[in-house]
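In: Just the structure for this:
(one chain, ligands or ions: 1)
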Amino acid sequence: MKLLDGKKVAGALDEKMTLRVEDLKKKGITPSIAVILVGDSGASSVYVRNKRRRAEKLGMDFQLIHYKDDVSENELLAKIDELNNDKTVDGFIVQLPLPKSINEERVIQAIDSKKDVDGFAPDNVGNLWIGEPHTKPATAAGILMMLDYYDVDLDGKNVVIIGRSNIVGKPVAAMMLARNATVTIAHSHTKNLKELAKTADILVVAIGQAKFVTKDYVKDGAVVVDVGMDRDENDKLCGDVDFADVENTASMMTPVPGGVGPMTITALMDQVLELAEARANA
Ligand SMILES: Nc1nc2c(c(=O)[nH]1)N[C@@H](CN(C=O)c1ccc(C(=O)N[C@@H](CCC(=O)O)C(=O)O)cc1)CN2
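Out: Residues are numbered from 1 along each chain as shown. The predicted model follows:
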């Protein structure tokens with residue numbers, strides 16, 4: 001089994017992105033990202049800290065706007081309006097999930113689609129599906145960047161995605177469909193999940209259940225992409241795939257940590273850079 005090493009790929013792509021940042025700076029432009037974080041959830045704080053580290057490593061500006069979890073929806077919407085109109089910020093995201101008291105859809109829809117570096121705004125989602133210009137959801141884009149790096153061809157492949165979330169399952173489906181894969185999205189109501197998963201040349205798992213996928217779900221030689229970020233019985237970070245059980249069946253697979261997570265951040269930075277490059281060329 002070959003490891004799809006997201007940490008290594010991210011490191012290799014960082015070198016190219018650093019050169020793009022240097023080019024922009026020569027033109028007087030510093031790529032800039034802002035992140036809105038609500039609350040102090042351990043996981044979200046770790047992900048945002050990782051984003052800050054990567055942005056700063058690449059030489060980009062990073063602005064964190066951190067609210068307590070009792071922030072009102074109106075206060076958040078006012079900040080989003082401010083960022084929409086701030087010409088020094090190329091793109092921004094609202095770190096998810098938000099507290100239950102806040103309407104996540106309303107917040108996402110307030111983000112100007114031209115600054116929506118998460119690719120979650122409705123017109124970016126629509127344009128992704130119809131193949132018009134759009135910003136790209138980072139996890140899905142990061143998965144494709146990693147598969148490209150390892151020369152995993154998608155054309156004509158059977159892909160099964162377990163999980164139908166707006167931030168992972170659906171955008172991965174749209175992007176792989178655009179690359180001529182035959183895509184099935186499975187979810188909690190899917191019948192005969194094991195049999196279906198076993199038809200996959202490429203199996204993408206994003207359901208948020210620790211070590212859910214065992215070798216019974218995996219065809220011999222399949223490529224397995226684990227998007228999970230869970231805790232096992234010893235509180236150790238693990239994915240939705242039981243790595244030890246599947247590693248002798250898959251031909252390639254991602255570890256957790258060190259697989260899709262670092263690539264998510266790479267894709268986000270790449271998206272910010274694209275917007276900064278568009279600003280430079282405007
Ligand atoms: N606005 C958004 N919110 C969330 C997104 C998103 O794409 N946009 N995705 C996830 C979380 N996520 C990105 O924000 C994310 C998850 C994991 C990692 C990461 O670096 N993981 C490391 C391990 C980190 C650890 O030690 O816990 C790894 O896999 O190696 C980065 C980003 C939900 N919210």
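In: Surely residue 88 is in contact with residue 31?
Out: No: with contacts counted by CB atoms under 8 Å, residue 88 stays clear of residue 31, the gap being 10.6 Å. (Glycine included, C-beta is placed from N, CA and C.)
In: give the contact list for whichever residue of the chain sits closest to the ligand.
Out: Nearest residue of the chain to the ligand, counting by CB to the nearest ligand atom: residue 261, 2.1 Å away. Contact analysis of residue 261 by CB atoms under 8 Å, 6 or more residues apart in numbering lists 6, 47, 50, 229.
In: If you count neighbours, what's buried in the host helix or strand of the third one?
Out: Following DSSP states H and E, one finds residue 50 within helix 42-58. Within helix 42-58, the residues scored as buried using 16 or more other CB atoms under 10 Å are 44, 47-48, 51-52, 54-55, 58.
In: Take those residues and write them to TSV, including distance to the ligand.
Out: Below are those laid out as TSV (distance: CB to the nearest ligand atom, whole Å):
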residue	distance to the ligand
44	7
47	4
48	7
51	7
52	11
54	9
55	13
58	15
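In: Just give the closest residue to residue 122, not the sequence neighbours.
Out: residue 109 (6.3 Å; CB to CB, 6 or more residues apart in numbering).
In: Contacts for the helix or strand harbouring the one you found next, please.
Out: According to DSSP H and E, residue 109 maps onto helix 104-110. Helix 104-110 is contacted by residues 73, 76-77, 80-81, 84, 94, 96-98, 118, 120-122 when judged by CB under 8 Å, 6+ apart.
In: if we go to 6 Å?
Out: 76-77, 80, 94, 98, 120 (CB atoms under 6 Å, 6 or more residues apart in numbering).
In: what's the offset of it from the middle of its chain?
Out: Put simply, helix 104-110 sits 18 Å off its chain's centre (CA atoms, centre = their mean, to the nearest Å).
In: is that helix up against the ligand anywhere?
Out: No: applying CB under 6 Å from any ligand atom, one finds helix 104-110 separated from the ligand by no less than 8.6 Å.
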